[in-house]
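Undergrad: the sequence and its predicted three-dimensional model are supplied below.
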Amino acid sequence: MKKLLLLLLYSPSLHAQTINDYFEKIRHSAVELTAFFSQMPKGGDLHHHFSGSVYTETFIDAAVENDFYVHPITLAIRREAPVDTTGWTRFSKIKRDGLLFDFKQRLFRKWSARDYNETDYPSHRQFFESFDHFGPATDLSQEKGLLEIKSRAKAENVSYIETMFRVIRCNKDLGETTEVNSLFRSYQEKKDYSLTRRTLDSLYSQFQSMKVAECAIGFTQEYLHKLHASLKLDDSSFTLRYQAFVIRLQDPVTLFKNLVVAFEAADRSPLLVGVNIVAPEHYDVAMQDYWLHMQMFIYCKARYPNVKYSMHAGELTLGLVKPEDLTWHISEAVYQAKPARIGHGVDIAYEKENYALLEHMRAKDIPIEINLGSNEFILKVKEDRHPILLYKRFNVPIVISTDDEGILRTNLIEQYVLLASRYPAIKYADIKRMVYNSIQYSFIEEAEVKKRLRDNLDRDFKKFESMVMRYK
């Protein structure tokens, strides 16, 4: 009898239940949740934009240290002197004049969500335009930014980041493409799969004859591998991997060239584990060319079957676009392009035959990357307007991510605080499963690395839960 009692006392299920009881006791206190999640192992952050995740301070420091030109009214910055320097000044003069602190505060408000008052400017524009505002400082912040991301992740018990790093530059001359772009859009209007495929075939052959693979090799071997190794970004408690991405606002030919280069690169490097498509989904070109973009991913998947990709799909809400434009983006991505993961998926409730779509995502094991803070700031979608519980009800795998913690002035801890405080139907066991999902559904290619991350989670959760029980 005594042995049975001891077995019950120390059984994992009873221990987990005790943790859940404590979790329920604190879930209405944001500060207690913050303390809890600060110490909880959080696995990976899979929906993570590099430049949007570096905090604004780093970009401001780069602009000041390199004495950029700045326009005092527009706050535009330039590394080199503008053609017309009228009205422009340099940070060295601003510093000499004792105005640097004030300028920094203005840059914070221009380049991030800090002090945003929700009245002067649309939040989605404030967010997406930030990338262009600090853009000239990003190249000078690559190394410092990567080290910053690693340091912050380790401090927050995040063991893996899969960051959307950059578009791979490829300056191969395509010549005149206006006619081909027009043809693409005429085929799109008629949903002509055959002619679209034929044109993609022709362009792909042209890209190969131009040796665009050289761009992929140059990026992975000559840049990414050397950068990653020199910074010692991987260690026993942290792993960093990268996605290449394309921008959905480019003309069709340019986008397809960049997509081919991205797939070429990901096919050649275990560090570059996937491909993505980014930029505002509701902008004119993104809406107009959405079907065409799906065909390009389908084409590249056939050429590079081992390359994984996630897709931003359904980052839309009622009022941002017409109601009918909310009904097909996620389904078009899932059924046509067949990504391994979906990012955002906010408009799922408006999708045509959404129950069947959710069931399909569950059956095909397609996880959804949930970005609570981002969805609230950009789309004003939060609490019971957010579809996270709909995904949960259909057992679609869920991972919790930050999206752009630098611009949004947040972190992964805060995402879990929002998750726990807003959705009482989500229990501690659900959250723990989401953490493990972030490793299971990562695009890591090396089996031993993935196993190590899972084993570390097992170890770290055991330590964490034992610690909590001492202080409950």
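TA: Nice, thanks for sending it over.

Undergrad: how far does stretch 79-93 stretch from start to finish?
TA: Its first and final residues considered, stretch 79-93 spans 15 Å by Cα to Cα, to the nearest Å.

Undergrad: my bad, stretch 73-92
TA: Start to finish, the residues bounding stretch 73-92 are 17 Å apart (Cα to Cα).

Undergrad: who touches it?
TA: Residues outside stretch 73-92 that contact it (Cβ atoms under 8 Å, 6 or more residues apart in numbering) are 63-64, 66-72, 100, 103, 106-107, 110, 133-134, 136-137, 140. Just so you know, the C-beta spots here come from the backbone N, C-alpha and C atoms, and that holds for glycine as well.

Undergrad: as a whole number, average confidence for it?
TA: The average pLDDT within stretch 73-92 is 95.

Undergrad: and that stretch, how far from the chain's centre?
TA: Offset of stretch 73-92 from its chain centre (Cα atoms, centre = their mean, to the nearest Å): 31 Å.

Undergrad: buried residues, it. List them.
TA: Ala76, Ile77, Arg78, Trp88, Arg90, Phe91 (16 or more other Cβ atoms under 10 Å).

Undergrad: just to revisit the earlier point, so of the contacts of stretch 73-92, which ones are in helices?
TA: In this view, these that belong to helices under DSSP state H are Ala63, Val64, Leu100, Phe103, Arg106, Leu107, Lys110, His133, Phe134, Pro136, Ala137.

Undergrad: distance to Ser237 for those residues - can I get that in JSON lines?
TA: Output for the ones in helices among the contacts of stretch 73-92, formatted as JSON lines (distance: Cβ to Cβ, whole Å):
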{"residue": "Ala63", "distance to Ser237": "33"}
{"residue": "Val64", "distance to Ser237": "33"}
{"residue": "Leu100", "distance to Ser237": "37"}
{"residue": "Phe103", "distance to Ser237": "38"}
{"residue": "Arg106", "distance to Ser237": "38"}
{"residue": "Leu107", "distance to Ser237": "34"}
{"residue": "Lys110", "distance to Ser237": "36"}
{"residue": "His133", "distance to Ser237": "34"}
{"residue": "Phe134", "distance to Ser237": "30"}
{"residue": "Pro136", "distance to Ser237": "34"}
{"residue": "Ala137", "distance to Ser237": "30"}
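
Undergrad: ChimeraX command to pick out the buried ones of those residues?
TA: In ChimeraX, a selection of the buried entries from the ones in helices among the contacts of stretch 73-92 looks like this (16+ other Cβ under 10 Å):
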select :63,64,100,103,107,110,133,134,136,137
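
Undergrad: helix or strand for Thr163, which one?
TA: Secondary structure assignment for Thr163, by DSSP states H and E: strand 160-166.

Undergrad: for that strand, name the packing helices and strands.
TA: strand 44-49, helix 50-53, helix 142-155, strand 239-247, strand 272-278 (3 or more Cβ pairs under 8 Å, 6 or more residues apart in numbering; DSSP states H and E).

Undergrad: how about 7 Å then?
TA: Under the contact criterion of 3 or more Cβ pairs under 7 Å, 6 or more residues apart in numbering; DSSP states H and E, strand 160-166 touches strand 44-49, helix 50-53, strand 239-247, strand 272-278.

Undergrad: tell me the mean pLDDT over it?
TA: Strand 160-166 carries an average pLDDT of 97.

Undergrad: what's the mean pLDDT across whichever helix or strand comes after it?
TA: Per DSSP H and E, the first helix or strand lying C-terminal to strand 160-166 is helix 178-190. Averaged over helix 178-190, pLDDT sits at 97.

Undergrad: re the thing from before, which single one of the ones in helices among the contacts of stretch 73-92 is nearest to Lys172?
TA: Pro136 (24.4 Å; Cβ to Cβ).

Undergrad: residues contacting the closest one?
TA: Neighbouring residues of Pro136 by Cβ atoms under 7 Å, 6 or more residues apart in numbering: Phe68, Ile77, Arg78, Arg79.

Undergrad: let's go with 10 Å and repeat that
TA: Counting by Cβ atoms under 10 Å, 6 or more residues apart in numbering, Pro136 touches Phe59, Ala62, Ala63, Asn66, Phe68, Tyr69, Ala76, Ile77, Arg78, Arg79, Glu80.

Undergrad: how many other residues sit next to Leu183?
TA: 16 (other Cβ atoms under 10 Å).

Undergrad: brain fart, Ile277
TA: For Ile277, using other Cβ under 10 Å, the count is 29.

Undergrad: mind listing which of the buried residues of stretch 73-92 are in strands?
TA: Counted as lying in strands by DSSP state E, out of the buried residues of stretch 73-92, are Ile77, Arg78, Arg90.

Undergrad: would you turn those into a markdown table with distance to Ile370?
TA: Listed next are those as a markdown table, based on distance: Cβ to Cβ, whole Å:
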| residue | distance to Ile370 |
| --- | --- |
| Ile77 | 34 |
| Arg78 | 38 |
| Arg90 | 43 |
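
Undergrad: quick check, nearest of these to Phe207?
TA: Arg78 (32.7 Å).

Undergrad: Ile407 versus the closest one, what's the distance?
TA: 21 Å (Cβ to Cβ, to the nearest Å).

Undergrad: same thing with Glu465?
TA: Where Ile407 is concerned, Glu465 sits at a distance of 34 Å (Cβ to Cβ).
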